[in-house]
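**Q** no sequence for this one, just the structure:
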(Lines give C-alpha, C1' and ligand atoms only; values in the text may rest on other atoms or scores of the structure.)
Protein backbone atom coordinates (compact mmCIF):
# COMPACT_ATOMS: atom_id res chain seq x y z
CA UNK A 1 0.00 0.00 0.00
CA UNK A 2 1.13 3.54 -0.60
CA UNK A 3 2.66 5.67 2.13
CA UNK A 4 0.31 8.63 1.62
CA UNK A 5 -2.83 6.44 1.55
CA UNK A 6 -1.94 4.67 4.80
CA UNK A 7 -1.08 7.91 6.62
CA UNK A 8 -4.41 9.43 5.64
CA UNK A 9 -6.40 6.34 6.60
CA UNK A 10 -4.56 5.70 9.87
CA UNK A 11 -3.37 9.08 11.20
CA UNK A 12 -2.72 8.01 14.82
CA UNK A 13 -0.24 5.56 16.31
CA UNK A 14 -0.61 5.11 20.07
CA UNK A 15 1.87 3.93 22.70
CA UNK A 16 -0.70 2.92 25.31
CA UNK A 17 1.08 0.98 28.02
CA UNK A 18 4.08 -1.00 29.27
CA UNK A 19 4.61 -3.41 32.16
CA UNK A 20 7.43 -5.39 33.77
CA UNK A 21 6.91 -8.47 35.94
CA UNK A 22 8.46 -11.82 36.90
CA UNK A 23 7.16 -15.09 35.53
CA UNK A 24 8.64 -18.61 35.60
CA UNK A 25 12.25 -17.54 36.20
CA UNK A 26 11.95 -14.81 33.59
CA UNK A 27 11.69 -11.05 33.75
CA UNK A 28 8.93 -10.19 31.30
CA UNK A 29 8.27 -6.85 29.64
CA UNK A 30 5.12 -6.23 27.63
CA UNK A 31 3.99 -3.26 25.59
CA UNK A 32 0.71 -2.18 24.09
CA UNK A 33 0.80 -0.24 20.83
CA UNK A 34 -2.16 0.66 18.66
CA UNK A 35 -2.76 1.84 15.14
CA UNK A 36 -6.06 3.57 15.74
CA UNK A 37 -8.82 2.10 13.61
CA UNK A 38 -6.74 -0.93 12.60
CA UNK A 39 -5.37 -3.10 15.43
CA UNK A 40 -3.45 -3.28 18.70
CA UNK A 41 -0.09 -4.98 19.28
CA UNK A 42 1.37 -6.63 22.38
CA UNK A 43 5.04 -7.44 21.81
CA UNK A 44 7.02 -9.00 24.62
CA UNK A 45 10.59 -9.26 25.90
CA UNK A 46 11.74 -12.09 28.15
CA UNK A 47 15.00 -11.85 30.12
CA UNK A 48 16.03 -15.26 31.43
CA UNK A 49 16.98 -14.87 35.10
CA UNK A 50 19.07 -18.05 35.45
CA UNK A 51 20.85 -17.48 38.79
CA UNK A 52 21.83 -13.90 38.05
CA UNK A 53 21.10 -11.37 40.78
CA UNK A 54 18.74 -8.89 39.14
CA UNK A 55 17.87 -5.93 41.40
CA UNK A 56 15.29 -3.15 41.62
CA UNK A 57 12.87 -4.74 39.15
CA UNK A 58 9.95 -2.71 40.51
CA UNK A 59 11.83 0.59 40.93
CA UNK A 60 10.94 3.82 39.16
CA UNK A 61 14.38 3.78 37.52
CA UNK A 62 13.59 0.43 35.90
CA UNK A 63 10.12 1.62 34.86
CA UNK A 64 11.67 4.68 33.23
CA UNK A 65 14.13 2.60 31.22
CA UNK A 66 11.38 0.15 30.20
CA UNK A 67 9.21 3.06 29.03
CA UNK A 68 12.10 4.22 26.84
CA UNK A 69 12.64 0.70 25.48
CA UNK A 70 9.02 0.86 24.37
CA UNK A 71 9.70 4.00 22.37
CA UNK A 72 12.23 2.07 20.28
CA UNK A 73 10.26 -1.18 20.13
CA UNK A 74 7.31 0.84 18.81
CA UNK A 75 9.22 1.69 15.62
CA UNK A 76 8.65 -1.81 14.22
CA UNK A 77 4.89 -1.37 14.55
CA UNK A 78 4.69 2.32 13.66
CA UNK A 79 6.33 1.63 10.28
CA UNK A 80 3.35 -0.46 9.09
CA UNK A 81 1.39 2.74 8.41
CA UNK A 82 3.84 5.55 9.30
CA UNK A 83 0.98 7.38 11.00
CA UNK A 84 1.81 11.10 11.15
CA UNK A 85 0.81 11.37 14.83
CA UNK A 86 2.77 9.32 17.39
CA UNK A 87 0.82 9.70 20.64
CA UNK A 88 2.23 8.51 23.98
CA UNK A 89 -0.47 7.67 26.53
CA UNK A 90 1.75 6.10 29.21
CA UNK A 91 4.55 8.60 29.72
CA UNK A 92 5.85 12.10 29.19
CA UNK A 93 8.63 13.39 26.93
CA UNK A 94 10.06 16.88 27.00
CA UNK A 95 10.93 18.75 23.81
CA UNK A 96 14.52 17.45 23.74
CA UNK A 97 13.33 13.85 24.02
CA UNK A 98 10.73 14.31 21.29
CA UNK A 99 13.38 15.70 18.98
CA UNK A 100 15.76 12.88 19.93
CA UNK A 101 13.29 10.12 19.13
CA UNK A 102 12.13 11.85 15.94
CA UNK A 103 15.72 11.78 14.72
CA UNK A 104 16.18 8.13 15.67
CA UNK A 105 12.94 7.09 13.97
CA UNK A 106 13.64 9.09 10.81
CA UNK A 107 17.24 8.03 10.24
CA UNK A 108 16.78 4.59 11.81
CA UNK A 109 14.17 4.02 9.10
CA UNK A 110 16.42 5.49 6.40
CA UNK A 111 16.78 2.23 4.48
CA UNK A 112 13.05 1.55 4.97
CA UNK A 113 12.20 4.96 3.47
CA UNK A 114 14.59 4.47 0.56
CA UNK A 115 13.36 0.97 -0.33
CA UNK A 116 9.71 2.06 -0.08
CA UNK A 117 10.39 5.26 -2.06
CA UNK A 118 9.10 7.46 0.76
CA UNK A 119 9.94 11.11 0.18
CA UNK A 120 9.34 13.11 3.35
CA UNK A 121 11.38 15.47 5.53
CA UNK A 122 12.42 14.67 9.08
CA UNK A 123 10.10 17.35 10.41
CA UNK A 124 7.08 16.16 8.42
CA UNK A 125 7.59 12.41 8.95
CA UNK A 126 5.85 12.36 12.32
CA UNK A 127 4.88 14.51 15.27
CA UNK A 128 5.34 13.07 18.77
CA UNK A 129 2.81 14.01 21.44
CA UNK A 130 2.84 12.76 25.03
CA UNK A 131 -0.26 12.77 27.21
CA UNK A 132 0.87 10.61 30.14
CA UNK A 133 2.74 11.42 33.35
CA UNK A 134 6.51 11.66 33.61
CA UNK A 135 8.42 9.23 35.83
CA UNK A 136 10.40 11.04 38.50
CA UNK A 137 13.40 9.08 39.73
CA UNK A 138 16.59 9.97 41.57
CA UNK A 139 20.02 8.94 40.37
CA UNK A 140 20.91 5.53 41.84
CA UNK A 141 23.78 5.31 44.30
CA UNK A 142 24.74 1.67 43.69
CA UNK A 143 28.33 0.67 42.95
CA UNK A 144 28.84 -0.38 39.32
CA UNK A 145 31.50 -2.81 38.14
CA UNK A 146 32.15 -5.08 35.17
CA UNK A 147 31.14 -5.28 31.53
CA UNK A 148 28.27 -6.51 29.41
CA UNK A 149 29.35 -7.62 25.92
CA UNK A 150 26.51 -7.84 23.35
CA UNK A 151 27.28 -10.62 20.88
CA UNK A 152 25.84 -11.46 17.48
CA UNK A 153 27.92 -14.44 16.42
CA UNK A 154 29.99 -12.66 13.77
CA UNK A 155 33.69 -11.93 13.63
CA UNK A 156 33.39 -8.49 15.26
CA UNK A 157 31.87 -9.51 18.59
CA UNK A 158 34.21 -12.51 18.75
CA UNK A 159 37.17 -10.15 18.47
CA UNK A 160 35.71 -8.11 21.33
CA UNK A 161 35.27 -11.27 23.42
CA UNK A 162 38.93 -12.09 22.85
CA UNK A 163 40.19 -8.58 23.57
CA UNK A 164 38.32 -8.50 26.88
CA UNK A 165 39.20 -12.04 27.95
CA UNK A 166 41.32 -10.74 30.85
CA UNK A 167 38.15 -9.18 32.26
CA UNK A 168 36.39 -12.55 32.16
CA UNK A 169 35.55 -12.58 35.88
CA UNK A 170 33.93 -9.15 35.61
CA UNK A 171 32.00 -9.57 32.36
CA UNK A 172 28.82 -11.10 31.02
CA UNK A 173 27.93 -11.91 27.43
CA UNK A 174 24.55 -10.71 26.13
CA UNK A 175 22.41 -12.17 23.37
CA UNK A 176 19.03 -11.02 22.10
CA UNK A 177 17.05 -13.26 19.76
CA UNK A 178 16.85 -16.98 19.14
CA UNK A 179 19.98 -17.63 17.07
CA UNK A 180 22.25 -20.29 18.55
CA UNK A 181 25.46 -18.98 16.98
CA UNK A 182 26.11 -16.27 19.62
CA UNK A 183 25.62 -18.76 22.45
CA UNK A 184 28.18 -21.15 21.01
CA UNK A 185 30.66 -18.33 20.43
CA UNK A 186 30.29 -17.18 24.05
CA UNK A 187 30.85 -20.71 25.31
CA UNK A 188 33.97 -21.08 23.18
CA UNK A 189 35.17 -17.79 24.67
CA UNK A 190 34.85 -19.38 28.11
CA UNK A 191 31.52 -18.06 29.35
CA UNK A 192 29.42 -20.47 31.39
CA UNK A 193 25.68 -20.64 30.79
CA UNK A 194 24.93 -18.43 33.80
CA UNK A 195 27.37 -15.83 32.45
CA UNK A 196 25.37 -15.38 29.25
CA UNK A 197 22.36 -13.07 29.45
CA UNK A 198 19.63 -14.29 27.11
CA UNK A 199 16.77 -12.07 25.97
CA UNK A 200 13.92 -13.34 23.81
CA UNK A 201 12.14 -10.75 21.68
CA UNK A 202 8.64 -11.88 20.72
CA UNK A 203 7.09 -10.01 17.79
CA UNK A 204 3.29 -9.72 17.78
CA UNK A 205 1.99 -11.97 15.01
CA UNK A 206 -0.49 -9.31 13.96
CA UNK A 207 2.42 -7.28 12.59
CA UNK A 208 3.53 -10.24 10.48
CA UNK A 209 -0.06 -10.57 9.26
CA UNK A 210 -0.10 -6.89 8.21
CA UNK A 211 3.18 -7.39 6.36
CA UNK A 212 1.63 -10.26 4.39
CA UNK A 213 -1.27 -7.98 3.44
CA UNK A 214 0.92 -5.33 1.87
CA UNK A 215 1.33 -2.84 4.69
CA UNK A 216 4.67 -1.04 4.80
CA UNK A 217 7.63 -3.15 5.87
CA UNK A 218 11.39 -2.91 6.01
CA UNK A 219 14.55 -2.55 8.06
CA UNK A 220 14.40 -1.04 11.57
CA UNK A 221 17.22 0.20 13.89
CA UNK A 222 17.73 -3.04 15.81
CA UNK A 223 20.95 -1.87 17.46
CA UNK A 224 19.01 0.94 19.14
CA UNK A 225 16.82 -1.70 20.80
CA UNK A 226 19.98 -3.49 21.91
CA UNK A 227 21.28 -0.23 23.39
CA UNK A 228 18.27 0.36 25.63
CA UNK A 229 17.80 -3.28 26.66
CA UNK A 230 21.47 -3.76 27.57
CA UNK A 231 21.28 -0.52 29.56
CA UNK A 232 18.36 -1.94 31.54
CA UNK A 233 20.15 -5.23 32.17
CA UNK A 234 23.37 -3.45 33.11
CA UNK A 235 21.51 -1.40 35.73
CA UNK A 236 19.70 -4.39 37.22
CA UNK A 237 22.97 -6.36 37.43
CA UNK A 238 25.16 -3.47 38.56
CA UNK A 239 27.44 -3.42 35.52
CA UNK A 240 29.45 -0.33 34.64
CA UNK A 241 30.18 -0.79 30.92
CA UNK A 242 28.38 -1.92 27.77
CA UNK A 243 31.06 -2.83 25.23
CA UNK A 244 29.68 -2.96 21.68
CA UNK A 245 31.57 -4.19 18.61
CA UNK A 246 30.65 -1.49 16.08
CA UNK A 247 33.59 -0.42 13.94
CA UNK A 248 34.50 2.84 12.23
CA UNK A 249 33.22 1.46 8.91
CA UNK A 250 29.61 1.53 10.11
CA UNK A 251 29.52 5.29 9.49
CA UNK A 252 29.50 5.03 5.68
CA UNK A 253 26.20 5.67 3.88
CA UNK A 254 24.68 3.05 1.57
CA UNK A 255 23.53 5.68 -0.93
CA UNK A 256 26.03 8.20 -2.23
CA UNK A 257 25.14 11.77 -1.34
CA UNK A 258 22.35 10.78 1.07
CA UNK A 259 22.19 9.94 4.75
CA UNK A 260 20.77 6.46 4.18
CA UNK A 261 22.60 3.94 6.35
CA UNK A 262 21.63 0.33 6.96
CA UNK A 263 23.78 0.55 10.09
CA UNK A 264 22.52 3.92 11.41
CA UNK A 265 22.14 2.74 15.01
CA UNK A 266 25.69 1.34 14.84
CA UNK A 267 27.21 4.69 13.86
CA UNK A 268 29.29 6.97 16.08
CA UNK A 269 26.51 9.54 15.66
CA UNK A 270 23.94 7.28 17.32
CA UNK A 271 26.48 6.16 19.91
CA UNK A 272 27.13 9.77 20.90
CA UNK A 273 23.42 10.56 20.88
CA UNK A 274 22.63 7.58 23.11
CA UNK A 275 25.40 8.45 25.55
CA UNK A 276 24.04 11.97 25.86
CA UNK A 277 20.44 10.78 26.19
CA UNK A 278 21.18 8.07 28.76
CA UNK A 279 23.23 10.41 30.91
CA UNK A 280 20.48 13.01 30.92
CA UNK A 281 17.36 10.84 31.16
CA UNK A 282 18.33 7.33 32.29
CA UNK A 283 20.85 8.61 34.85
CA UNK A 284 22.52 5.33 35.85
CA UNK A 285 26.13 6.31 35.05
CA UNK A 286 26.55 3.31 32.77
CA UNK A 287 29.02 3.78 29.93
CA UNK A 288 27.88 2.67 26.47
CA UNK A 289 30.70 2.50 23.92
CA UNK A 290 32.05 0.44 21.05
CA UNK A 291 35.42 -1.14 21.70
CA UNK A 292 36.15 -1.49 17.97
CA UNK A 293 35.14 2.04 16.97
CA UNK A 294 38.75 3.23 16.45
CA UNK A 295 39.53 0.52 13.88
CA UNK A 296 38.18 -0.69 10.55
CA UNK A 297 36.77 -3.93 9.15
CA UNK A 298 40.10 -4.90 7.64
CA UNK A 299 41.85 -4.70 10.99
CA UNK A 300 39.04 -6.66 12.64
CA UNK A 301 39.43 -9.32 9.95
CA UNK A 302 43.17 -9.43 10.62
CA UNK A 303 42.59 -9.96 14.34
CA UNK A 304 39.84 -12.52 13.75
CA UNK A 305 41.95 -14.51 11.27
CA UNK A 306 44.16 -15.48 14.22
CA UNK A 307 41.26 -16.66 16.41
CA UNK A 308 40.93 -20.14 14.92
CA UNK A 309 38.76 -21.48 17.73
CA UNK A 310 35.85 -19.43 16.33
CA UNK A 311 36.36 -20.21 12.64
CA UNK A 312 34.16 -23.30 12.54
CA UNK A 313 31.24 -21.77 14.47
CA UNK A 314 30.99 -18.03 13.75
CA UNK A 315 28.28 -16.84 11.35
CA UNK A 316 26.81 -13.46 10.43
CA UNK A 317 24.78 -14.50 7.40
CA UNK A 318 21.18 -13.44 8.06
CA UNK A 319 19.87 -16.37 6.03
CA UNK A 320 22.17 -19.18 7.08
CA UNK A 321 22.37 -18.35 10.78
CA UNK A 322 18.64 -19.06 11.11
CA UNK A 323 18.93 -22.63 9.80
CA UNK A 324 19.59 -25.76 11.82
CA UNK A 325 22.48 -26.44 11.71
CA UNK A 326 23.59 -22.92 10.83
CA UNK A 327 25.65 -22.32 7.72
CA UNK A 328 26.78 -19.63 5.28
CA UNK A 329 24.24 -19.33 2.45
CA UNK A 330 27.08 -18.25 0.10
CA UNK A 331 24.60 -16.27 -1.98
CA UNK A 332 24.19 -12.92 -0.22
CA UNK A 333 26.18 -9.67 0.15
CA UNK A 334 27.06 -10.49 3.77
CA UNK A 335 28.63 -13.82 2.87
CA UNK A 336 30.62 -12.33 0.01
CA UNK A 337 31.75 -9.40 2.15
CA UNK A 338 33.01 -11.58 5.02
CA UNK A 339 34.73 -13.88 2.51
CA UNK A 340 36.36 -10.88 0.82
CA UNK A 341 37.50 -9.05 3.96
CA UNK A 342 39.08 -12.24 5.34
CA UNK A 343 40.71 -13.17 2.03
CA UNK A 344 44.03 -11.29 2.55
CA UNK A 345 44.62 -13.44 5.63
CA UNK A 346 42.90 -16.81 5.01
CA UNK A 347 42.52 -17.31 1.25
CA UNK A 348 42.21 -19.95 -0.05
CA UNK A 349 41.95 -23.30 1.71
CA UNK A 350 41.01 -21.95 5.14
CA UNK A 351 38.22 -19.80 3.71
CA UNK A 352 36.84 -22.67 1.65
CA UNK A 353 36.86 -24.77 4.81
CA UNK A 354 34.73 -22.11 6.54
CA UNK A 355 32.28 -21.40 3.71
CA UNK A 356 32.26 -24.72 1.88
CA UNK A 357 33.21 -23.27 -1.52
CA UNK A 358 35.32 -20.59 -3.18
CA UNK A 359 32.98 -17.61 -3.47
CA UNK A 360 35.46 -15.84 -5.77
CA UNK A 361 34.71 -18.52 -8.39
CA UNK A 362 30.93 -17.94 -8.28
CA UNK A 363 29.98 -15.95 -11.40
CA UNK A 364 26.42 -15.41 -10.11
CA UNK A 365 27.84 -13.11 -7.41
CA UNK A 366 29.30 -10.63 -9.91
CA UNK A 367 26.59 -7.96 -9.47
CA UNK A 368 26.90 -8.15 -5.68
CA UNK A 369 30.69 -8.04 -5.99
CA UNK A 370 30.52 -4.87 -8.11
CA UNK A 371 28.17 -3.23 -5.61
CA UNK A 372 30.40 -4.12 -2.65
CA UNK A 373 33.34 -2.54 -4.47
CA UNK A 374 31.42 0.71 -4.95
CA UNK A 375 30.86 0.50 -8.69
CA UNK A 376 27.13 -0.20 -8.59
CA UNK A 377 24.17 2.09 -7.94
CA UNK A 378 24.07 1.54 -4.17
CA UNK A 379 25.97 -0.23 -1.45
CA UNK A 380 24.21 -3.47 -0.42
CA UNK A 381 21.87 -2.95 2.52
CA UNK A 382 23.83 -5.18 4.86
CA UNK A 383 26.38 -4.65 7.62
CA UNK A 384 29.40 -4.55 5.32
CA UNK A 385 32.65 -2.58 5.16
CA UNK A 386 33.52 0.55 3.24
CA UNK A 387 34.40 0.61 -0.43
CA UNK A 388 38.01 1.47 0.40
CA UNK A 389 38.33 -1.51 2.75
CA UNK A 390 36.85 -3.94 0.24
CA UNK A 391 39.02 -2.65 -2.63
CA UNK A 392 42.09 -2.87 -0.43
CA UNK A 393 41.26 -6.43 0.63
CA UNK A 394 40.76 -7.51 -2.98
CA UNK A 395 43.96 -5.81 -4.12
CA UNK A 396 45.92 -7.37 -1.27
CA UNK A 397 44.59 -10.85 -2.06
CA UNK A 398 45.46 -10.42 -5.75
CA UNK A 399 48.93 -9.31 -4.71
CA UNK A 400 49.28 -12.35 -2.43
CA UNK A 401 48.42 -14.62 -5.36
CA UNK A 402 51.15 -13.00 -7.48
CA UNK A 403 48.54 -12.41 -10.23
CA UNK A 404 48.54 -16.12 -11.12
CA UNK A 405 45.48 -18.35 -11.43
CA UNK A 406 43.08 -15.67 -10.28
CA UNK A 407 39.53 -16.85 -9.54
CA UNK A 408 36.71 -15.32 -11.59
CA UNK A 409 35.79 -12.35 -9.37
CA UNK A 410 39.37 -11.34 -8.64
CA UNK A 411 40.26 -11.57 -12.33
CA UNK A 412 37.23 -9.42 -13.16
CA UNK A 413 38.39 -6.81 -10.66
CA UNK A 414 41.95 -6.78 -12.00
CA UNK A 415 40.71 -6.46 -15.60
CA UNK A 416 38.26 -3.62 -14.89
CA UNK A 417 39.48 -1.61 -11.91
CA UNK A 418 42.65 -0.20 -10.48
CA UNK A 419 44.39 -2.03 -7.66
CA UNK A 420 44.75 0.03 -4.49
CA UNK A 421 47.29 0.23 -1.73
CA UNK A 422 47.64 2.15 1.49
CA UNK A 423 48.08 1.66 5.19
CA UNK A 424 44.62 0.61 6.32
CA UNK A 425 46.04 -1.98 8.68
CA UNK A 426 47.62 0.78 10.78
CA UNK A 427 44.50 2.97 10.85
CA UNK A 428 43.24 4.40 14.13
CA UNK A 429 40.35 6.83 14.66
CA UNK A 430 40.89 9.00 17.71
CA UNK A 431 37.21 10.06 17.71
CA UNK A 432 35.84 7.34 19.94
CA UNK A 433 34.34 6.78 23.38
CA UNK A 434 36.51 3.86 24.48
CA UNK A 435 37.57 4.23 28.15
CA UNK A 436 41.35 4.52 28.59
CA UNK A 437 41.87 1.12 30.19
CA UNK A 438 40.18 -0.64 27.26
CA UNK A 439 41.71 1.57 24.59
CA UNK A 440 45.18 0.51 25.75
CA UNK A 441 44.24 -3.13 25.11
CA UNK A 442 43.06 -2.31 21.60
CA UNK A 443 46.09 -0.19 20.71
CA UNK A 444 48.49 -2.86 21.93
CA UNK A 445 46.72 -5.50 19.86
CA UNK A 446 46.68 -3.42 16.68
CA UNK A 447 50.15 -1.93 16.80
CA UNK A 448 52.22 -4.43 18.80
CA UNK A 449 50.94 -7.86 17.79
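**A** Cool, got the structure. Just so you know, these numbers come straight off a predicted model, no measurement behind them.

**Q** quick one: strands adjacent to the helix or strand residue 18 falls within?
**A** In the assignment (DSSP states H and E), residue 18 maps to strand 12-23. Applying DSSP bridges, strand 12-23 is found paired with strand 26-35 (antiparallel), strand 85-88 (parallel).

**Q** in TSV: the ones you listed, plus mean neighbour count, mean pLDDT and distance to residue 349.
**A** For the C-beta atoms, the positions are set from N, CA and C on the backbone; glycine is no exception. TSV is the format used below for the strands paired with strand 12-23 (neighbours: other Cβ atoms under 10 Å; pLDDT from 0 to 100; distance: least, Cβ to Cβ, whole Å):
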stretch	mean neighbour count	mean pLDDT	distance to residue 349
strand 26-35	21	97	45
strand 85-88	20	98	53
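
**Q** quick check: which of these is nearest to residue 365?
**A** strand 26-35 (39.6 Å; Cβ to Cβ).

**Q** can you give me how far that closest one is from the chain middle?
**A** Distance of strand 26-35 from its chain centroid, counting by Cα atoms, centre = their mean, to the nearest Å, is 21 Å.

**Q** any low-confidence regions in the stretch 1-150 of the chain?
**A** 1, 141 (pLDDT under 70).

**Q** which residue ranges form the strands in it?
**A** For the stretch 1-150 of the chain, the strands defined by DSSP state E, counting those that start in this stretch occupy 12-23, 26-35, 39-41, 44-48, 85-88, 127-130, 147-150.

**Q** looking at residue 227 now. What's its pLDDT?
**A** Turning to residue 227, the model gives it a pLDDT of 96.

**Q** you'd agree it is up against residue 273?
**A** No: using Cβ atoms under 8 Å, residue 227 is not in contact with residue 273; the gap is 9.8 Å.

**Q** quick one, which of those two is more surrounded?
**A** residue 227 (26 against 18; other Cβ atoms under 10 Å).

**Q** surely residue 49 meets residue 23?
**A** No: using Cβ under 8 Å, residue 49 makes no contact with residue 23, being 10.0 Å away.

**Q** of these two, who's got more company?
**A** residue 49 (18 against 9).

**Q** returning to what we had before: redo the strands of the stretch 1-150 of the chain as CSV? Include distance to residue 389.
**A** Formatted as CSV, those follow (distance: least, Cβ to Cβ, whole Å):
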stretch, distance to residue 389
strand 12-23, 39
strand 26-35, 38
strand 39-41, 39
strand 44-48, 35
strand 85-88, 37
strand 127-130, 37
strand 147-150, 23
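
**Q** of all those strands, which lies closest to residue 201?
**A** Nearest to residue 201, of those and by Cβ to Cβ, is strand 44-48 at 5.8 Å.

**Q** quick one: contacts of the closest one?
**A** 25-31, 54, 69, 73, 197-202, 229, 233 (Cβ atoms under 8 Å, 6 or more residues apart in numbering).

**Q** what strands flank it, and is each parallel or antiparallel?
**A** strand 26-35 (antiparallel), strand 196-202 (antiparallel).

**Q** now render these as JSON lines, adding distance to residue 209.
**A** Formatted as JSON lines, these follow (distance: least, Cβ to Cβ, whole Å):
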{"stretch": "strand 26-35", "distance to residue 209": "13"}
{"stretch": "strand 196-202", "distance to residue 209": "15"}
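
**Q** compare those and give me the one nearest residue 379.
**A** Once the strands paired with strand 44-48 are compared by Cβ to Cβ, strand 196-202 is nearest, at 27.2 Å.

**Q** buried set for that closest one?
**A** For strand 196-202, burial by neighbour count (16 or more other Cβ atoms under 10 Å) applies to 196-199, 201.

**Q** give me the mean pLDDT for the next helix-or-strand element following it.
**A** As assigned by DSSP H and E, the chain's next helix or strand after strand 196-202 is helix 205-212. When pLDDT is averaged over helix 205-212, the result is 95.

**Q** what is whichever helix or strand comes after helix 205-212 packed up against?
**A** Using DSSP H and E, the helix or strand that follows helix 205-212 in sequence is helix 222-237. Applying 3 or more Cβ pairs under 8 Å, 6 or more residues apart in numbering; DSSP states H and E, one finds that helix 222-237 contacts helix 60-73, strand 147-150, strand 171-176, strand 196-202, strand 241-244, helix 268-277, strand 287-290.
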